[in-house]
Structures are given as structure tokens and as C-alpha cells.
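Chemist: no FASTA, just this:
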């Protein structure tokens, strides 16, 4: 380095005509040179400082130029690229053409130096130096890389890929691409994108894709791969980058992001994307519109709207569009509309506008299968055959399912035989459909015969004979396991799945040991029981009469590290209800909340029916809490059953008074009113209101008001039984009206009904209370209500008295009744809830 600096320090560029001076020539001839030492391979090569400075010779002196090119080559070989660039810059500054200088460089030395640097792991520093310094000399950096150095560079890129160092790799790709290196040959683009996806780094994926001329294709791949990972946010980020980097809309990218919205289960996100496209006066193609319809297929109205909008946009619907319409009708259970669409497609086919495909028939078969219209499905099957379309596995499965779901097991088996005759190899779903049909039809023995025969020998396929009717099939099927396949020559492999074993476990009925043996048998096929398997086993154990055994299975799931799901818990709760053990059912329900398992509609309905009668306040509070939780979760419960139980519990207050509980029974059929009543009861019975002796009856009918008042009295009674004391009067709010106005008549009948309940049925003393417009320490003033006195007269006098006080703080007056503390204590003593 010292030698190079001494050379470069004296560099003074000369014009081409300049010649060395006479003084210099004399000095050169008189100079004595010392012998050069032998090079030591352990040290960097040293170059003589006695060689003439760079500016001392004409640059047409080939010997001088050769010397400095050799010097630069040796510096590069040692990895001293900073010195190499300094010499190169000096040569160019002295008027030598860079091409002439490069021609004299030793390419092998430069390649060796680059390889050495790569092995030392100093790739970034050297590349930054080369790519920032070499272009200043008018040379492309790629000219310094030969085949050997390119292979070393590829090896470094692959090492970064293997190590998962995404940021250094993408930065290197950016740098190399900027200098026209063929980065596609260094590493496979799909591998880099896969690494970005696994690292959840959309920014790196976008940067890498932008280095290619076919970036729009890579962007679509990035969007789709993020979608498969259910990472919609990253997919949207890649989509936004693709729209910014493209001069025109990329319809493939729009289609891909819409499909990804469906993959991620957020179909609503696809709609603004489509609306944004239309807002830019850009007409989407048929593929974008089909993807939009498919993703939103669960919203039939939206799909129909897009279908109609196609006509306005001038886009012709293809067979895929109509297939998606049929799919949407199937999901919405719109059989009649699906039939109309199918007839429309047939009409278009007759005109040569469309050609029905196997997906069309498979979808319409699924529509009729779900609607249990197997005859219609068989009619369309004839249309399919006449059209020359060969059914596939999905088509046959849909046809078999149509008959099986309608309970026609024989016809389903006939179709299965036709499937084999047609040369279509059934899959596990076909086998499972047949087994499920047998189980649903309670043909358990047939299900086990089929299962054992297929499992032991594989399902044998007939190549010649064909059964022509369901009657003939039944006749042959009587000897199914021994005679039906004597003439058959080929076998269809039967591989049972977990779903297959779940179906067979259901066929065990209440035979727990047989079901357990089937679950153990799964392991021989490399299968593991899923949550449905365990739920079925719990149900079978409970149905056999062993509640304890069912709960032990649930505990075993926990001990084995298998987290029971909502189905398993719901099944266990159902068994507790069947065994009339509501306490255990509520304990399991509480355990679900502990493990953060969200109940479903079946869970709520089952737990609310756990009790046929309520015996204590705690039981009522328990059920009301479940009821409120159910409503908050978005479910609509059937309030009638729960309301009847609570009404019966409330009427229990006056049992000791020898009253008829059914005298005031509620006949509310409006589910909205039932919900309001239950919410009111829940509010007044909540633990937070345990010390409150106030009842708000506003907005209720007289029957509902009666139930709420009885519920609060029942709560007071049970609290006192446990030793709590009554510290205040009971206040009942009936309604309100403006201050100073005359009280209207009791149109709703609430005052009369509540007063009659409290005075006549329960023997309590009731007062018409005044409003609290005084200081907080003042007591309300009121007058006792006598049964012979008109309630409206009492209210009117109370109103005039309050008006004379001229309150200024409250613009309205509450109509209230008070039950004195003394009267409540006397009633509790009479019922035995309070000791004297």
C-alpha cells in the first residue's frame, strides 16, 4: 500500500504530447538499483518504489502502462480493491482510455480477489465499493466478473437464502439488479418469495419483485401466497404496491386479491376493491367478476346484483358465472330459483351461447340433494347423459347423497354400482355417504357388513355385470358378504378415514365397548380420533346410562392434552340434563368459560332446559345470567320456556297464602315482550342490586309487573331466610308525569294489579308515596291506600300536595308505591322466613 501511495502521490496528468525532461533522463541513467528480494508468500507483495512515477512517461509507452496494469491486478488479487480503484482512477485521469487499461488487467487475478473476499464474508463492503467506484470510470461492474466469480456470487446468494437472511439477500438482489446482473439465474425467484412469505415480510417481497420485468406476475404470486397463509393484511399491502407500480390495471392482480379475501374469510373486503375499480371508469373482465361472485356466494342478493350489473358493463356471463349462481342458490337453499337458472342455462345451450359442463350438473345435483329431491336429481342425470358429459366423482357423490339424504338407501346403492360400472373409482366420501345413509336409516347391521367387507378385501368392482333395478340389487344384497362379488375381477381400494370411523361409531348405538374398540382400531390405519370421535364416545357412554363414565372421558381428553371443543362439552351437558343433574351441567358450562370455549346455540338451549323447576334464587340467577350471555353473543333464545319457569318460581311467593298460582298466569306470546320481561327480572335479581329495595315497573304490562314484583319479594324472602335484615321500605315506581299535572287514569291497570297483589294476596301495607324533591335527608310523605278508596283520588290528592311544595329541581314527578319495612317484616314472620 505504501508503494502504491508513493506512486499515486506524484501523479500529474500530462497532455499526450508531453515528454520526460532532460534532467529526469540523466537521473534515471545515474540511478543504481538494488536487487529485489524474493517474494514471501506469507506477506503481501511489495512493489519497487524506484519505478518511474505515473506522470513521468508518455502514456503511449506500452511498458509503463503494462507495469501499472500488473500492479493493479496484483492489488485486486490480494483483495485490496481500494488501492486497485485508486490506480485505475489515476490512469484514466492521465488520459488513458479505460478500455485499453482493462485489456491489460489480469482477469484471473481480479476473479481470485473477488472470490477471496466472498469467502471472508465481506461481500457487502466490497460490492458497495466496486459498484460505487467502477461506474465512475465508465465501466459496468459486470465486466469485472467472469464465470468463476459469478458462480461464487451465486453461491453467496444461495447461502443467504438457506440461512433465511432475507434482508441481506434482498438488498444484494437490489444492488445486482441495478447493474444489470442476471439475478434470476442466481436464485429461483419463487424460493425468495417463499422465504419472504414465511417471514411475513411483504416489504421485502415487494422490493424483490420490483427488480424483474415480469413484476406483475410475481406480485400476483405474492398476494396468493400470503392469502394461503391467511395473512390478508400483507396480501393487501402487496396488492397496493402492485397497483402503484403498474401503468395500467392488472386484472389478474385484482382477481387474485379478491380470491384471497375469500380464502381469509373476509369476503366484505372484496367489495371495496371492486368498487374502486369501477370508480376509475375501468371495466373489469369476466374473471374478476366471477371471482367476486364466488367469494360473495353466501350473499345471494349481492351475487344476483353483480350478475345483473354484468349486462350494464357489457360483459357476457359465461358458464362459470352461471355455475356460481347455482352455488349461491344452493348455499341459500333456494331450490326454485336454482331450477329456474338451470332451465335458463339449458335454453342458452340450445341457442349455442353456452355449453353445460360437469360442474353445472354437480352443483344442481347438490341443490336437490340438500332439498332431498332425489327424483328431480335423477331426471337431470338423464339430461347429463344425453348431453354426452361423463360424471366425475363429485357428480356421482352428489347423486348418491341426494338419494341417501332422502332415506333411499337402496337407490343410493344402485347409483353406487352404476358409478363402478362407468369406470369411475369412488373416493372415501362416496363410501362414507353410503355408510351414513345406512346409519340414518337405522340399518346398523348393513352398515357393519359393508364396512367389514370393504375393509377386509377392498371393494371389488364389476367390469361386466350391471344391476338394472333396485329390486334386483336388494335380492343380491341379501347375500352381500358371500355371493355378490363372485364374478368380479378388479378391486377398488378402500381406505377408511376418521370420518368413516365416526360414522361407524354412531352405528354402535349404546354399545360403548364396541365404539371404544372402533376408536382403538383407528390406529391400525394411522388415524387419530378427532373431537367429533370423542364427542360421539361421550354420547354413547352417557346414553348407556353411565354419567360418570362420560365425564371420565372428558377428563381423559384434558389429561391427554386434547382440548375438548364446544361439541364435546355440549354433549356432556346434554347427558347431565338427561340424567337430571343440572348442578353438574352448570359446572361444565362454567368450565367452558374457564377454558374460553364459546358456547353455540345448542349449548345455550341445552343448559337453559337443565331445570324443569326453580327452587332457589341462586338457580334463577344462574339461568338468567346464561340467558343474558346468550343474547349478548347474538343468539335469539326461545324465551317462552324460561319465562314460564320464572313465572312459576315467582308465584311460589304466595303459595303459603293459599292462592291459585295459575290465576294470574301469563299468556304472553310476543317474544319481544318476553325478552323485556326476562331482562327486567334479571336486572332486579342481579347480585349488584342485592341491597336495593326499589322496583321499576315502567314500560311493563300489569301481568309483567306482577311477575317482577313477586321476583323481588322472593329474593327478599330468601335473603332474610339466610339471616339478612330489611333496612328500608320497598319502593315501587309505577310511572311518571309532568309536575303539577293532574294524574291520568290508570289505563294500564298496573297500580290496581300491584296494590291488589300486595294488599289482598300478601297482606302488606301499601302507601302512595310522594316525590323526592326535598333535601336528601327528608323522608317521603304518603298516605295509606285503602281498598275502599279509589286509587285515582289518592293519586290526585298526592299530586296536589306535591304541587304545593313547588319543587324546582325535578321537572317530572314519579308515581310510586311504598311498602313499609314493618309490614314486610310481619309478612316474613307469617311465612316463617323471619324469626320473631
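Modeler: On my side now, so go ahead. What you see is a predicted model, and the numbers here were worked out from it, not measured in a lab.

Chemist: so what secondary structure elements neighbour whichever strand or helix holds residue 518?
Modeler: Element membership of residue 518, judged by DSSP states H and E, is helix 512-521. Packing partners of helix 512-521 (3 or more Cβ pairs under 8 Å, 6 or more residues apart in numbering; DSSP states H and E): helix 498-506, helix 531-543. (C-beta placed from N, C-alpha, C; glycine too.)

Chemist: May I see these arranged in CSV, with mean neighbour count as well?
Modeler: Below are the helices and strands packed on helix 512-521 laid out as CSV (neighbours: other Cβ atoms under 10 Å):
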stretch, mean neighbour count
helix 498-506, 22
helix 531-543, 22
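
Chemist: mind giving me JSON lines with those and columns for mean pLDDT?
Modeler: Shown next, in JSON lines, are those (pLDDT from 0 to 100):
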{"stretch": "helix 498-506", "mean pLDDT": "94"}
{"stretch": "helix 531-543", "mean pLDDT": "91"}
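
Chemist: burial measure for residue 247, as a count.
Modeler: By the measure other Cβ atoms under 10 Å, the count of residues near residue 247 is 5.

Chemist: can you pull out the strands in this structure?
Modeler: Applying DSSP state E to the chain gives strands spanning 459-461, 490-492, 694-696, 730-738, 766-769, 782-784, 812-819.

Chemist: mean confidence score for the last one?
Modeler: For strand 812-819, the mean pLDDT works out to 72.

Chemist: List the buried residues for the longest helix along the chain?
Modeler: Of all segments of type helix in the chain, defined using DSSP state H, the longest is helix 702-721. Residues 702-717, 719-721 are the ones in helix 702-721 that count as buried (16 or more other Cβ atoms under 10 Å).

Chemist: I'd like to know which elements it is packed against.
Modeler: Where contact means 3+ Cβ pairs under 8 Å, 6+ apart, helix 702-721 is packed against helix 617-632, helix 639-651, helix 671-685, strand 694-696, strand 730-738, helix 750-756, helix 821-831.

Chemist: tilt between it and helix 821-831?
Modeler: Relative orientation of helix 702-721 with respect to helix 821-831: 80 degrees, computed using axes from the mean of the first three to the mean of the last three Cα atoms, to 10 degrees.

Chemist: what angle do helix 702-721 and helix 617-632 make?
Modeler: On the basis of the same axes, to 10 degrees, helix 702-721 is oriented at 130 degrees to helix 617-632.

Chemist: low-scoring stretches of the stretch 401-550 of the chain, by residue?
Modeler: Along the stretch 401-550 of the chain, the parts satisfying pLDDT under 70 run over 457-492.

Chemist: can you give me the helices in it?
Modeler: With helices called from DSSP state H, counting those that start in this stretch, the stretch 401-550 of the chain shows them at 409-421, 428-440, 444-457, 470-477, 498-506, 512-521, 531-543, 547-559.

Chemist: Dump the ones you listed into CSV; add distance to residue 356 as well.
Modeler: Below are these laid out as CSV (distance: least, Cβ to Cβ, whole Å):
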stretch, distance to residue 356
helix 409-421, 20
helix 428-440, 23
helix 444-457, 34
helix 470-477, 28
helix 498-506, 31
helix 512-521, 42
helix 531-543, 36
helix 547-559, 48
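
Chemist: Quick one: closest of the ones you listed to residue 634.
Modeler: helix 531-543 (23.2 Å; Cβ to Cβ).

Chemist: other SSEs contacting that closest one?
Modeler: On a contact count with 3+ Cβ pairs under 8 Å, 6+ apart, helix 531-543 meets helix 498-506, helix 512-521, helix 547-559, helix 566-578.

Chemist: between these, which gets nearest to residue 203?
Modeler: Nearest of the helices and strands packed on helix 531-543 (Cβ to Cβ): helix 566-578, 38.8 Å.

Chemist: picking up where we left off before, can you put the helices and strands packed on helix 531-543 in JSON lines and add distance to residue 261?
Modeler: Below are those laid out as JSON lines (distance: least, Cβ to Cβ, whole Å):
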{"stretch": "helix 498-506", "distance to residue 261": "29"}
{"stretch": "helix 512-521", "distance to residue 261": "39"}
{"stretch": "helix 547-559", "distance to residue 261": "36"}
{"stretch": "helix 566-578", "distance to residue 261": "27"}
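
Chemist: Nearest residue to residue 260 in space, please, no chain neighbours.
Modeler: Excluding the flanking residues, the one nearest residue 260 by Cβ to Cβ, 6 or more residues apart in numbering is residue 227, at 3.1 Å.

Chemist: If you could redo that for residue 333, that was the one I meant.
Modeler: Computed as Cβ to Cβ, 6+ apart, the closest residue to residue 333 that is not its neighbour in sequence is residue 370, at 6.7 Å.

Chemist: what residues are up against that neighbour?
Modeler: Residue 370 makes contact with 330, 333, 405, according to Cβ atoms under 8 Å, 6 or more residues apart in numbering.

Chemist: For ChimeraX, write the select line for the buried members of those.
Modeler: Here is the ChimeraX command that selects the buried residues among the contacts of residue 370 (16+ other Cβ under 10 Å):
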select :330,405
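
Chemist: I'd say the residue nearest to residue 260 and residue 263 touch.
Modeler: Yes - using Cβ atoms under 8 Å, residue 227 is in contact with residue 263, at 4.5 Å.

Chemist: The helix holding residue 518 vs helix 547-559, what angle?
Modeler: Using the same axes, to 10 degrees, helix 512-521 lies at 20 degrees relative to helix 547-559.

Chemist: could you check the angle helix 531-543 makes with helix 512-521?
Modeler: 160 degrees.

Chemist: can you pull the buried residues of helix 512-521?
Modeler: The neighbour-count check on helix 512-521 (16+ other Cβ under 10 Å) flags 512, 514, 515, 516, 518, 519 as buried.

Chemist: rewinding a little: out of the helices of the stretch 401-550 of the chain, which is closest to residue 602?
Modeler: helix 531-543 (11.7 Å).
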